[in-house]
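1. Kindly generate the corresponding structure for this input.
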Amino acid sequence: MNALLEIGCEEIPARFMPGFLLDLKKKAEEKLTAERIAFGKVETFGTYRRLTLYIENIAERQTDLSFEAKGPPANVAFDKDGKPTPAAIGFAKKQGISPAELKVENNYVVAKVFKKSLPTSKVLQAVFPAIITSLYQPLSMRWGSLDFKFIRPIHWIVALCGMNVVKFEIAGIKSGNKTAPHRYSKKSVGTTLVVVRLSGQEQALSLHAYKKFMLKLGVIVDQNEREGLIRQQVEAAAQKIGAKPLISEALLAEVNFLVENPIAYVGKFKPEFLKIPQEVLITSMQKNQKYFPLVDKSGRLQAQFVVVTDGCKNKGVVEGNQKVLSARLSDARFFFEEDCKMSLRMRLPDLEKVSFFEKLGTLAQKAERVASLSAWIGQRLKMDEAQLKNVHRIAMLCKADLTTKMVYEFPELQGVMGREYARLSSENPVVAEGIFEHYLPRHAEDKLPLSPEGTIVALADRIDSLVGCFSVGAVPTGSEDPYGLRRAVQGIIRIITEKKIDLLLDETIEQSYKLYKPILQGAEAVPFAAVKKELLIFIAGRLKPILLDKGVRYDVVDAVLFDCNDILDCITKAGILNRLVGESWFPGVVASADRVSRIAGSAARESVEEAALLEKEEKDLFELYNKVSWETGEAINKEDWRQAAQALAALTDPLERFFDKVLVMHKDEKIKLNRLALLKSIDKVYSRVADFKKIVIEGAKK
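-> You can find the predicted model right below:
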């Protein structure tokens with residue numbers, strides 16, 4: 001037996017549909033499981049007008065429920081006359097039985113509960129409405145006089161289980177077996193869903209039969225089939241005229257949920273518009289009109305496009321789309337020509353009129369900070385004078401295109417238009433390219449900056465934004481990140497790791513914070529120490545899943561990321577320690593570091609008075625500490641983390657002898673403080689490599 005739920009609505013925004021379908025599947029599985037209803041495969045389908053839930057091989061009844069619940073003690077549940085107290089009555093009510101059915105076992109009240117199963121069709125009368133009302137609503141609306149809220153007004157509900165309609169009512173709509181065809185279909189609204197016969201047995205509508213039936217109504221209900229058909233039609237339409245379509249996966253996903261029955265046509269625009277930069281034309285077609293641009297074999301944009309209509313077989317619709325696009329491109333040409341009347345460098349004063357962020361000044365001030373921070377980073381990376389000059393120019397101009405009409409109309413073209421206007425303003429090609437590159441990577445799959453100059457400005461721009469936001473308390477919380485700070489950190493990590501940039505974060509954060517001082521003075525700014533601490537924790541939080549994806553153990557990741565000052569070092573160190581965990585000597589290092597850390601926590605000082613060392617074991621340990629400290633430091637300087645860990649292994653046995661023979665908490669305060677200072681010094685050596693106490697050794701006692 002199969003079950004089907006179809007929710008018919010007014011037009012649901014395309015961007016919400018993928019999430020809606022995932023949530024519909026999740027909520028259905030959760031609620032069916034909670035109701036003890038066995039089921040097979042659960043699938044969800046949808047268009048902008050309907051959400052469909054299909055449940056395969058759903059059981060005809062719930063499973064019986066039998067369990068034993070332990071209640072309050074018998075002397076609490078019954079009074080001296082043996083009558084049930086409120087405690088017993090409440091417990092029995094909770095279990096759905098009468099107090100008379102309670103038993104006493106081992107001086108406790110026990111409820112033996114048996115719940116006989118109900119037919120699935122009856123249970124679904126409550127489950128289906130519960131699924132609908134529990135769906136996550138990114139936006140919701142009310143209609144009429146109803147208090148009920150949904151993404152869009154509901155017009156019909158199909159609810160079937162086996163051959164039967166699952167009867168319920170929600171938002172004034174009664175469930176039934178009637179669905180709506182495609183709005184351009186000749187079928188009338190309210191067409192009855194049929195029940196098919198399979199293998200001689202009557203069953204609820206099979207998935208194949210449901211899809212086939214909906215196709216007769218002009219609806220391709222399966223979004224995967226619809227997306228494949230759109231791609232096929234767009235490619236075929238382009239191939240007919242010897243062109244190739246630019247199929248953006250994001251645009252394809254959006255168009256997929258704008259249609260129920262896609263039909264693709266080729267349209268055209270005036271070739272004179274090709275004088276506008278190609279990126280502008282592509283963006284205008286994709287963003288405003290949801291068209292697929294066409295290019296020739298060499299990748300040059302053609303004055304043609306593919307439009308996907310929703311079941312429209314009137315080719316006159318192409319002419320209408322051409323007129324709309326022509327108007328859009330005329331606007332774009334006007335913006336471009338107006339912008340070209342002023343060179344990019346002449347726009348710098350306009351940045352003083354644009355706020356960067358509340359309490360953090362203007363974009364002009366940001367450009368100056370980014371230029372200073374870029375120069376500081378460039379000097380540490382030993383850039384030559386010519387490169388530093390280009391870096392400064394890129395940083396000063398990188399935000400100038402935000403004042404142009406084109407970027408105001410198409411914000412996603414920031415950087416792209418900056419590069420174009422820089423070229424037209426006769427800027428150095430390296431500078432023009434760097435203006436575009438400083439926005440890279442824009443997302444997880446995006447490319448990185450190629451030039452060293454663009455790379456440095458990309459880092460400086462992101463660090464400036466992070467430090468500024470953290471300095472005024474604008475820190476991401478939960479899933480909220482309105483300023484894209486998590487994306488900024490991901491970009492920093494990718495740039496540093498893939499380009500092998502050796503950069504200490506604490507120094508860089510401090511330099512950035514200093515550049516903010518003229519703005520932050522007088523404001524309620526977060527102190528530098530807190531900004532640095534929170535930022536390093538924030539960056540470590542983004543680096544952690546990256547290391548886990550590389551196969552590093554979670555405890556090793558935690559041990560390494562206690563100090564995230566050097567991203568490259570963290571990644572290298574994590575990989576090495578992950579391999580060392582399996583070596584025979586490594587558990588001794590972990591155990592010793594853990595023990596030292598716990599005892600040294602009460603140390604009042606770090607400096608050791610050698611003359612106050614009395615026992616041979618502590619003298620030997622102090623001498624060994626000096627040797628290991630030097631060897632560890634040398635290994636760290638060479639970034640040889642294996643050698644650093646092995647140097648620490650020399651402390652394992654001497655520490656064991658020290659703890660066996662020497663009383664750390666001596667009654668003489670001076671001796672005790674000196675021994676604690678020795679352990680504190682040793683603890684600092686361990687901490688230079690990792691927070692070993694976070695590493696879990698199987699079978700070890702903590």
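2. Could you point out which residue ranges in this structure have low pLDDT?
-> 186-204, 522-523, 699-702 (pLDDT under 70).
3. wait, what's in contact with Leu613?
-> Lys619, Phe622, Asn674, Leu678 (CB atoms under 8 Å, 6 or more residues apart in numbering). Backbone N, C-alpha and C define where each C-beta goes, glycine included.
4. and the residues you listed, which of them are in strands?
-> With strands taken from DSSP state E, there is no overlap with these.
5. Most neighbours out of those residues, which is it?
-> In terms of neighbours by other CB atoms under 10 Å, the contacts of Leu613 top out with Leu678 at 27 neighbours.
6. Wait, it touches Val608, no?
-> Yes: counting by CB atoms under 8 Å, Leu678 does reach Val608; the two are 5.0 Å apart.
7. Would you mind giving the domain segments of this protein?
-> Listed by automatic domain parsing, the domain ranges of the chain are 3-61+119-216, 66-115, 223-339, 344-549, 555-694.
8. now the fourth one: how far from the chain's centre is it?
-> A distance of 21 Å separates the C-alpha centroid of domain 344-549 from that of its chain, computed with CA atoms, centre = their mean, to the nearest Å.
9. Show the end-to-end separation of it, please.
-> End-to-end span of domain 344-549 (CA to CA, to the nearest Å): 43 Å.
10. Return the residues in contact with Ala87.
-> Gly71, Pro72, Val76, Ala77.
11. can you list residues touching both of Leu678 and Val608?
-> What both Leu678 and Val608 touch, as defined by CB under 8 Å, 6+ apart, is the set Phe622.
12. hang on, the earlier thing: out of the contacts of Leu613, list just those in helices.
-> In helices, judged by DSSP state H, the following of the contacts of Leu613 are found: Lys619, Phe622, Asn674, Leu678.
13. List the contacts of the first one.
-> Contacts were defined as CB under 8 Å, 6+ apart; by that measure Lys619 touches Leu613.
14. how far away is it from Glu631?
-> Distance, Lys619 to Glu631, using CB to CB, to the nearest Å: 19 Å.
15. start to end distance for stretch 553-569?
-> Stretch 553-569 has an end-to-end distance of 17 Å (CA to CA).
16. So which residues of the stretch 451-600 of the chain form strands?
-> Remark: strands of the stretch 451-600 of the chain are absent; assignment by DSSP state E, counting those that start in this stretch.
17. scratch that, the stretch 51-200 of the chain
-> Under DSSP E, counting those that start in this stretch, the stretch 51-200 of the chain gives strands at 65-73, 103-105, 108-115, 154-161, 164-165, 169-170, 173-174, 178-179, 191-192, 197-198.
18. remind me, longest helix of this protein?
-> helix 316-339.
19. any residues touching it, and which ones?
-> Helix 316-339 is contacted from outside by 265-270, 273, 275-277, 280-281, 284-285, 288-289, 291, 305, 307, 309, 404-406, 409, 417, 421, using CB under 8 Å, 6+ apart.
20. Just to check, Pro119 is in contact with Arg61?
-> Yes: between Pro119 and Arg61 there is a contact at 5.6 Å, judged by CB under 8 Å.
21. can you tell me how far Leu373 sits from Leu548?
-> 31 Å.
22. So between those two, which is more surrounded?
-> Ranked by neighbour count (other CB under 10 Å), Leu373 and Leu548 place Leu373 first, with 24 against 14.
23. what residue of the protein is the furthest out?
-> What lies farthest from the middle of the chain is Asp81; by CA atoms, centre = their mean that is 62.3 Å.
24. hmm, back to that, tell me which two in the contacts of Leu613 are the farthest apart.
-> Across the contacts of Leu613, no pair lies farther apart than Lys619 and Asn674, at 11.5 Å, counting by CB to CB.
25. Tell me where the stretch 201-350 of the chain has helices.
-> Ranges of helices in the stretch 201-350 of the chain, per DSSP state H, counting those that start in this stretch, are 207-216, 223-240, 249-256, 278-283, 316-339.
26. most packed of the ones you listed?
-> Looking across those with neighbours counted as mean count of other CB atoms under 10 Å, the highest average goes to helix 278-283: a mean of 20.
27. Quick one: distance of that helix to the chain centre.
-> 28 Å.
28. same question, stretch 296-314
-> 33 Å.
29. What are the buried residues along it?
-> Leu301, Gln302, Gln304, Phe305, Val306, Val307, Val308, Thr309, Asp310, Gly311, Cys312 (16 or more other CB atoms under 10 Å).
30. so the fifth one touches Ile263, yeah?
-> So that's Val306. No: contact criterion CB under 8 Å: Val306 and Ile263 do not qualify, at 10.9 Å.
31. returning to what we had before: name only those of the contacts of Ala87 that count as buried.
-> Among these, those classed as buried by 16+ other CB under 10 Å are Gly71, Ala77.
32. Dump the contacts of Ala87 to CSV, plus distance to Arg598.
-> Conversion of the contacts of Ala87 to CSV gives the following (distance: CB to CB, whole Å):
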residue, distance to Arg598
Gly71, 43
Pro72, 42
Val76, 43
Ala77, 47
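33. Which pair of the contacts of Ala87 spans the longest distance?
-> Once CB to CB is applied, these give Gly71 and Val76 as the farthest pair, at 9.0 Å.
34. Now intersect the buried residues of stretch 296-314 with the strands, please.
-> Per DSSP E, the subset of the buried residues of stretch 296-314 in strands is Leu301, Gln302, Gln304, Phe305, Val306, Val307, Val308, Thr309, Asp310.
35. Name the nearest of these relative to Ala525.
-> For those, the residue nearest Ala525 by CB to CB is Leu301; the value is 48.5 Å.
36. which residues sit in contact with that closest one?
-> Leu274, Gln278, Leu281, Ile282, Pro293, Leu294, Val295.
37. okay, those residues in JSON lines with distance to Arg688 next?
-> Shown next, in JSON lines, are the contacts of Leu301 (distance: CB to CB, whole Å):
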{"residue": "Leu274", "distance to Arg688": "61"}
{"residue": "Gln278", "distance to Arg688": "53"}
{"residue": "Leu281", "distance to Arg688": "56"}
{"residue": "Ile282", "distance to Arg688": "52"}
{"residue": "Pro293", "distance to Arg688": "56"}
{"residue": "Leu294", "distance to Arg688": "60"}
{"residue": "Val295", "distance to Arg688": "56"}
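38. which of those lies closest to Ala525?
-> Nearest to Ala525 among the contacts of Leu301, with distances taken as CB to CB, is Ile282, at 42.6 Å.
39. returning to what we had before: of the ones in strands among the buried residues of stretch 296-314, which is the nearest to Lys353?
-> Leu301 (34.4 Å).
40. Quick check, Glu101 in contact with Val109.
-> No: in this structure, Glu101 is not within contact of Val109 by CB under 8 Å, at 10.7 Å.
41. Please identify which of those two sits among more neighbours.
-> Val109 (23 against 12).
42. excluding its backbone neighbours, what's nearest the more buried one?
-> Gly71 (3.8 Å; CB to CB, 6 or more residues apart in numbering).
43. Please give me every residue in contact with that neighbour.
-> Gly71 neighbours (CB under 8 Å, 6+ apart): Ala77, Ala87, Ala88, Phe91, Leu102, Tyr108, Val109, Val110, Ala111.
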